[in-house]
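Asker: need the 3D shape of this:
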Amino acid sequence: NLNNYDADRIVVFDEEKVFDELIKDGLFTEFSNSFLVVAKKKGDAPGKDLPVYAKFSDERNQAYRTVTIISEAEESGKTVYKLALGEAAGPHIKGLSRKYERLSELYDKCILKPNLCEHRDNGAWLEYIPGITMEEYLDGLEGGGKYEEMLSLIDRFAETVFSLADEEFRPSKEFSEIFSDIYDGRGKCAPVSDIDLIFSNILFDHSRGTEGDWNVLDYEWTFEFPIPAGFIIYRSLFYYLRERENRAFSLFLKEKGIDIYERYGVSEDERSRVFPAMEHSFQLYLKRDTVSYELLHEIMPVSTVSLEDCVKERFSVGNLRNPQVYFSMGSVEGFLPENFINVLGDLSASDMSVNLDIELSEDARALRIDPIEKACMVRVPEACVSTGDGTVYSLCLIPFCDQEAEDERADTGKAPVFTSNGVILSERAAFFGHDDPQLIFLNLPRGEKRVRLRYIVERPSAEILTDLNEYLGSRDKMLEALTEEKEKKERAGGLPEKLWKRFMR
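Answerer: From the prediction side, this is the model:
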């Protein structure tokens, strides 16, 4: 019950894993706040099949609404079957046996083996296989610190997937309908693709482990048109790693400098833009014409918050009050560690702005403030320098001056300069596409002085930061080309003024 509907709640641990362990230890009844009562007719013969598990997939489009049931009898043991939740889903259930046949042909000479499926009694009947999922197996290796073995197992999985892909991708109407038109690559594909080949859907035998068959439990989302194998790899990695960002295996990959997506040929653009968009399109396709409980929870005036997210947010806010501040006796080259100033800012709860009031020594001629060590945007509603004689300079952001020009103006008595090492968006805002944002005051007057500053740090999403960096990079290249063209035109008779002004704005 992750989404509570009558009040806000905080999630303080991984509830799914905790309840899995409680069930294993036979303690579920001690902690559950609700129970299922199974009623049957009096006189039913003992040993009759009874459901022991049921999963309703009823938040999908009507054509894909199903229920998966595990039933158990004293003599025959457990069986698994899927039923349609309405006539519209009948063709989907009936088609599972064909998907089994097509995958059996595809997997004939590799370690993957689709779970046996037969269509009977208006349902799809599958074999119940005991064992351990690849996800659980990987977690066990992680618990034992066997990170190299984890990587080797994932390598083996990826090699198997790519070994089946011997056809070139070609667009199709079916692909565009389900996954959109965003993919324009030339990836390899198999003639049949199970896109839900995630680690929790692969089962190893308890005794033989990874050396036995790799049983594919759920291949409901198998398609008979070209789908890039890289997308299957991406989904498998994404759904395994998304809840494990701070776990030991992820930290091991970072320490070793291993980009696990790149290791299997998934490009930066594919994993950050293309494949997430394909996944989003797929989920919309499954849920079209429906309103899920998840969406209802989103639009209701209650929220479910992760304690981990709360702690991260609190640390982030706390760090805003402690910017890194350095002074210099002259140029920007003088911002040395020994010139660090310990400053505690005033954080406003209303708009999350940081207020600084810094008194500097008489010889200090420059000041640098590092508001945060992450890519961000900074808005500066107020910035001023005041001197001992009552003079106040109200400052706006201007582009960074080069060192030679700054040295020339250092002793001319001109007004202080307020700049940054980012992209100046306006007199009151700068964008920093890197992890070392700096707000810089130059040409500060000699004698007594104070610097007062109010700024607001905003953290756009990773996608927006990437898009902004790409845009600014292309803009810089365009300006460089125009500057070069301008110089050529000037030598040959001049560049039209309107064209030049248009691109210099």
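Asker: show me what the top helix by length along the chain is packed against.
Answerer: With DSSP state H setting the assignment, residue counts place helix 462-492 as the longest helix in the chain. The contact analysis (3 or more Cβ pairs under 8 Å, 6 or more residues apart in numbering; DSSP states H and E) places helix 462-492 against helix 497-504. Just so you know, the C-beta spots here come from the backbone N, C-alpha and C atoms, and that holds for glycine as well.
Asker: pLDDT of the helix it packs on, averaged?
Answerer: What helix 497-504 shows for mean pLDDT is 50.
Asker: got it, and stretch 437-444?
Answerer: Stretch 437-444 comes out at a mean pLDDT of 93.
Asker: what of stretch 80-92?
Answerer: Confidence over stretch 80-92 (mean pLDDT, whole number) is 95.
Asker: next one: it to chain centre, how far?
Answerer: Computed by Cα atoms, centre = their mean, to the nearest Å, the chain-centroid distance of stretch 80-92 equals 33 Å.
Asker: for it, buried residues please.
Answerer: Burial within stretch 80-92, assessed by neighbour count using 16 or more other Cβ atoms under 10 Å, is assigned to Val80, Tyr81, Lys82, Leu83, Ala84, Leu85, Ala89, His92.
Asker: so the nearest residue to the third one once chain neighbours are set aside, which state does it fall into?
Answerer: Taking Cβ to Cβ, 6 or more residues apart in numbering as the measure, Lys82 lies nearest to Ala124, with 4.5 Å between them; neighbours along the chain are not counted. In the three-state summary, Ala124 is assigned as strand, counting by DSSP: H, G, I helix; E, B strand; the rest coil.
Asker: what's the burial count for Ala124?
Answerer: 25 (other Cβ atoms under 10 Å).
Asker: report pLDDT for it.
Answerer: Model confidence at Ala124, given as pLDDT, is 95.
Asker: roughly how far apart are it and Tyr137?
Answerer: Ala124 sits at a distance of 26 Å from Tyr137 (criterion: Cβ to Cβ, to the nearest Å).
Asker: buried set for the strand or helix carrying Gln283?
Answerer: Here Gln283, judged by DSSP states H and E, is contained in helix 275-287. Under the neighbour-count criterion of 16+ other Cβ under 10 Å, helix 275-287 has Phe275, Ala277, Met278, Glu279, Ser281, Phe282, Leu286, Lys287 buried.
Asker: cool, stretch 12-23 as well?
Answerer: Counting neighbours by 16+ other Cβ under 10 Å, one finds that stretch 12-23 has no buried residues.
Asker: average pLDDT across that stretch?
Answerer: For stretch 12-23, mean pLDDT is 82.
Asker: then stretch 423-432?
Answerer: 91.
Asker: got the contact list for it?
Answerer: 375-381, 396-399, 420-422, 433, 437, 439, 468, 472 (Cβ atoms under 8 Å, 6 or more residues apart in numbering).
Asker: which ones among those map onto helices?
Answerer: In helices, judged by DSSP H, the following of the contacts of stretch 423-432 are found: Leu468, Leu472.
Asker: let's see the PyMOL selection covering just the buried ones among the contacts of stretch 423-432.
Answerer: Applying 16+ other Cβ under 10 Å to those, the buried members can be selected in PyMOL as follows:
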select buried, resi 375+376+377+378+379+380+397+420+421+422+433+437+439+468
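Asker: the contacts of stretch 423-432 in strands, which ones?
Answerer: Cys376, Met377, Val378, Arg379, Val380, Pro381, Ser420, Leu439 (DSSP state E).
Asker: so how far is Arg186 from the fourth one?
Answerer: Taking Cβ to Cβ as the measure, Arg379 falls 43 Å from Arg186.
Asker: reformat the buried residues of helix 275-287 as a markdown table; add pLDDT and distance to Gln62.
Answerer: As requested, those are exported to a markdown table (pLDDT from 0 to 100; distance: Cβ to Cβ, whole Å):
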| residue | pLDDT | distance to Gln62 |
| --- | --- | --- |
| Phe275 | 95 | 28 |
| Ala277 | 94 | 25 |
| Met278 | 95 | 23 |
| Glu279 | 95 | 22 |
| Ser281 | 94 | 19 |
| Phe282 | 94 | 17 |
| Leu286 | 91 | 11 |
| Lys287 | 87 | 11 |
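Asker: what's the farthest-apart pair in those?
Answerer: Farthest apart among the buried residues of helix 275-287 by Cβ to Cβ are Phe275 and Lys287. That separation is 18.8 Å.
Asker: just give the closest residue to Pro381, not the sequence neighbours.
Answerer: Arg454 (5.4 Å).
Asker: that older thread, point out the least confident one among the ones in strands among the contacts of stretch 423-432.
Answerer: Cys376 (87).
Asker: my read is that it contacts Ile456, right?
Answerer: No - using Cβ atoms under 8 Å as the test, Cys376 is too far from Ile456 to be in contact (10.0 Å).
Asker: for the nearest residue to Asp346 once chain neighbours are set aside, the count of nearby residues, please.
Answerer: Spatial nearest neighbour of Asp346, excluding adjacent residues (Cβ to Cβ, 6+ apart): Asn355 at 4.0 Å. For Asn355, the neighbour count with other Cβ under 10 Å is 14.
Asker: contacting residues for Asn355?
Answerer: Contacts for Asn355 (Cβ under 8 Å, 6+ apart) come out as Gly345, Asp346, Leu347, Ser348, Arg452, Leu453, Arg454.
Asker: my read is it is in a strand, agree?
Answerer: Yes - Asn355 forms part of a strand when assessed by three-state DSSP.
Asker: do you know how far it is from Gly433?
Answerer: When Asn355 is compared with Gly433 (using Cβ to Cβ), they lie 26 Å apart.
Asker: what's the closest of the contacts of Asn355 to Pro228?
Answerer: Leu347 (47.0 Å).
Asker: got the contact list for stretch 103-118?
Answerer: 96-97, 99-100, 124-127, 129, 160, 163-164, 190-192, 194, 202, 213-219, 222.
Asker: now list the buried members of the residues you listed.
Answerer: Buried among the contacts of stretch 103-118 (16+ other Cβ under 10 Å): 96-97, 99-100, 124-126, 129, 164, 190, 192, 194, 202, 213-219, 222.
Asker: sort out for me which of those are in helices.
Answerer: Going by DSSP H, the helices hold Leu96, Ser97, Lys99, Tyr100, Leu164 from the buried ones among the contacts of stretch 103-118.
Asker: could I get the contacting residues of the residue nearest to His434 when sequence neighbours are not counted?
Answerer: Nearest non-adjacent residue to His434, counting by Cβ to Cβ, 6+ apart: Ala375, 6.0 Å away. Counting by Cβ under 8 Å, 6+ apart, Ala375 touches Phe432, Gly433, His434, Asp435, Pro437, Arg459, Leu465.
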